[in-house]
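Engineer: pasted the sequence and its predicted model underneath.
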Amino acid sequence: MNQKNKRFFWLSFFFGLMGCQSKEELAFEQYKINGEEIYLQQCANCHQASGEGLKGVIPPLKDTDFLTPDRLDQVICLIKNGINEP
């Protein structure tokens, strides 16, 4: 199989898989992609792409007790408006 045929095969495969998803699943996938882009643009510089932060300087987001479902409103506010205090 030449390079052009391989590319066609994988594109067909990818779009075929997308055709098996519901509108809700596709919307959720796009939502996750958008969230990742926002995180990489606005948060990863300090908290790192891994979410591990910088020890003693920037708190981690990964494996933290702060990011829990019961604090969702606070987390959304912080993401939307940022924070300038520890």
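Structural biologist: Yep, that arrived. Numbering: from 1, shown residues only.

Engineer: what about the helices in this structure?
Structural biologist: 3-19, 23-42, 44-47, 72-81 (DSSP state H).

Engineer: wait, which of the ones you listed is closest to D63?
Structural biologist: helix 44-47 (12.4 Å; Cβ to Cβ). For glycine as for every other residue, the C-beta is placed from the backbone atoms N, C-alpha and C.

Engineer: and D63, how far is that from G51?
Structural biologist: Here D63 is placed at a distance of 8 Å from G51 (Cβ to Cβ, to the nearest Å).

Engineer: who has more neighbours, these two?
Structural biologist: G51 (15 against 8; other Cβ atoms under 10 Å).

Engineer: and N45, how many residues sit next to it?
Structural biologist: Neighbours of N45 (other Cβ under 10 Å): 10.

Engineer: now swap in Q30 and tell me
Structural biologist: Using other Cβ under 10 Å: Q30 sits among 10 other residues.

Engineer: show me where pLDDT drops low in the protein?
Structural biologist: By pLDDT under 70, the low-scoring segments of the chain are 1-4, 8-19, 84-86.

Engineer: quick check: Y39 vs E29, distance?
Structural biologist: 16 Å.
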